[in-house]
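Student: have a look; sequence and predicted model below, questions after that.
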Amino acid sequence: MHWFILMLVCAVIGGLIGLKLKLPAGAMVGAMIGVAIFTVVTDQQVTPKWFKVAAQMVSGGYIGTTMTREGLAQMKRLAKAAAVLLAGMLTVNLLAGTVLYLTSPLDLCTALFATAPGGLTDMTIISDDMGADSPVVSVFQVCRMSAAILLFPQIIPRIGKVKPVGEKTAKKKKAKGPMTKEQYVNLFKTLLVAFVSGLLGYLSGISGGTMIFSVIGVAFTKIRFNVGYIPLNVKRGAQMLSGAFVGAKITIATVRMIISMWYNVLLMLVILVPACLCVGWLLLHKLMKIDLVASLFCAAPAGVSDMALIASDLGVEGPEVAVLQIIRMLGVIAFFPTVFKVILSFVG
């Protein structure tokens, strides 16, 4: 129990330092670094799975509060963009996987799954079923996800020429004084809807079901009953939980494997980061006419809830990031393993 409390302290301290330094997604990045240091130093992985589940529920609820009737109507145009995004991400995956295979001792199956832009748990489990080296896959996936959370919030504001709105929003909320009773009631109702609908999604067994159901549940109550309110501090709490969950994956074994294959990890990131930025800029922004900042976040190779929460710090409140990230995640799980299987059977 004391290890769990120490981990929470590291997550909160790291998150607060990240916010103090005014880093983009400072709460998440700071918590991730704080817990990663704690995990490496103590060799204790005490971050429970419900951390990530709770973060997905709250972040899904937060996204749901941004939904409007007009926004839902605009989502129809995202079907073609989703197909373009999946095609672009598959191309990037095959390119990075092939280069990793040719420049490392890894087999092709492991290399393809190691560079797949899906969820860490999903890719690790599926890769094991297909005969890949799942521990290696998990290490590369942790590096990919961690690098995306660290790098993309630094790169995207410079490309899109935007500034984080988190602190500005916080000052406005502070100027308005403490929350009213009505706001507390609305917050309670919103969180209740987010957790109940998220729990149904989690129990459904659908990949990404927790967040998908939370978004749908809160969006429905927001549009139908005007019940949808999650303040900035609650969103930051979810960011800290999500960051702590990712940081706990960076163990001593992870560090040792990264050190032994540092060149391959670095090469993967050198390919993935600019390639994903190109997918967002060229295919989604230029071709599909989606907002530049939203496009870059949609193509970011990290988790759905992570990118959606970080995007909201930069004022991207529309449905594009969440919807396209969810579709990308489901598409990667549903189609990419089949493509890998065809390729593996072809090359023997």
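Tutor: Looks like it came in fine.

Student: from now on I want contacts and neighbour counts done on CA atoms only, so please keep to that.
Tutor: Will do.

Student: which stretches in this structure count as strands?
Tutor: Secondary structure of the chain (DSSP state E): no strands located.

Student: pLDDT below threshold where in the stretch 1-150 of the chain?
Tutor: Residues of the stretch 1-150 of the chain meeting the criterion pLDDT under 70: 24-25, 71-72, 74-75, 119-122, 125.

Student: kindly recompute the last result at 90.
Tutor: 1-4, 18-19, 21-33, 36, 39-40, 42-79, 82, 105, 117-150 (pLDDT under 90).

Student: all helices of it, in order?
Tutor: Assigned by DSSP state H, counting those that start in this stretch, the helices in the stretch 1-150 of the chain fall at 2-20, 26-42, 49-65, 69-74, 78-103, 108-114, 120-129, 134-160.

Student: quick one: which of the ones you listed is nearest residue 221?
Tutor: Across those, residue 221 has its closest neighbour in helix 49-65 (8.8 Å, Cα to Cα).

Student: give the other helices and strands that the closest one contacts.
Tutor: helix 181-204, helix 209-225, helix 232-248, helix 304-313 (3 or more Cα pairs under 8 Å, 6 or more residues apart in numbering; DSSP states H and E).

Student: same thing but 6 Å
Tutor: helix 181-204, helix 209-225, helix 232-248 (3 or more Cα pairs under 6 Å, 6 or more residues apart in numbering; DSSP states H and E).

Student: tilt between the longest one and helix 209-225?
Tutor: Orientation note: helix 181-204 sits at an angle of 140 degrees relative to helix 209-225 (axes from the mean of the first three to the mean of the last three Cα atoms, to 10 degrees).

Student: show residues contacting helix 181-204.
Tutor: Helix 181-204 is contacted from outside by 57, 61, 209, 210, 213, 214, 217, 218, 228, 229, 230, using Cα atoms under 6 Å, 6 or more residues apart in numbering.

Student: residues near residue 335, how many?
Tutor: Look at residue 335: counted by other Cα atoms under 10 Å, it has 12 neighbours.

Student: tell me the pLDDT at it?
Tutor: Looking at residue 335, its pLDDT is 86.

Student: where's it relative to residue 89, distance?
Tutor: To residue 89, residue 335 is 12 Å away according to Cα to Cα, to the nearest Å.

Student: for residue 301, same thing?
Tutor: 9 Å.

Student: what's the answer for residue 33, then?
Tutor: 27 Å.

Student: go on, residue 243?
Tutor: From residue 243 to residue 89 the distance is 24 Å (Cα to Cα).

Student: more neighbours, the two?
Tutor: Shown here are residue 243 and residue 89; by other Cα under 10 Å, residue 243 has more neighbours (32 against 25).

Student: ok, the more buried one touching residue 26?
Tutor: No. In this structure, residue 243 is not within contact of residue 26 by Cα atoms under 6 Å, at 9.8 Å.

Student: who touches both of those two?
Tutor: Common contact partners of residue 243 and residue 26 (Cα under 6 Å, 6+ apart): none.

Student: confidence score at residue 327?
Tutor: So, for residue 327, pLDDT stands at 78.

Student: ok, how many other residues are close to the closest residue to it other than its chain neighbours?
Tutor: Nearest non-adjacent residue to residue 327, counting by Cα to Cα, 6 or more residues apart in numbering: residue 82, 6.6 Å away. When neighbours are counted by other Cα under 10 Å, residue 82 registers 22.

Student: dihedrals phi and psi, residue 180?
Tutor: Phi and psi for residue 180, reported as degrees, to the nearest 10, are phi -80, psi 170.

Student: state the pLDDT value of it.
Tutor: 87.

Student: next one: it relative to residue 257, how far apart?
Tutor: 51 Å.

Student: so between these two, which is more surrounded?
Tutor: residue 257 (16 against 9).

Student: that one and residue 35, how far apart?
Tutor: 19 Å.

Student: cool, and residue 63?
Tutor: The gap separating residue 63 from residue 35 is 26 Å, by Cα to Cα.

Student: more neighbours: which of these two?
Tutor: Shown here are residue 63 and residue 35; by other Cα under 10 Å, residue 35 has more neighbours (34 against 29).

Student: tell me which residues touch the nearest residue to the more buried one once chain neighbours are set aside, please.
Tutor: In space, and not counting its chain neighbours, residue 35 is closest to residue 247: 5.1 Å by Cα to Cα, 6+ apart. Shown in contact with residue 247 (Cα under 6 Å, 6+ apart): 32, 35, 36.

Student: out of those residues, which comes closest to residue 102?
Tutor: Each of those was scored against residue 102 by Cα to Cα, and residue 36 proved nearest at 30.6 Å.

Student: around that closest one, how many other residues sit close by?
Tutor: For residue 36, using other Cα under 10 Å, the count is 27.

Student: roughly how far apart are it and residue 250?
Tutor: Distance of residue 36 to residue 250, given as Cα to Cα: 6 Å.

Student: please apply the same query to residue 223.
Tutor: 40 Å.

Student: who's more crowded, these two?
Tutor: Each of residue 223 and residue 250 has its neighbours counted (other Cα under 10 Å); residue 250 has more, 25 against 16.

Student: what pLDDT is listed against that one?
Tutor: Taking residue 250 on its own, its pLDDT is 81.
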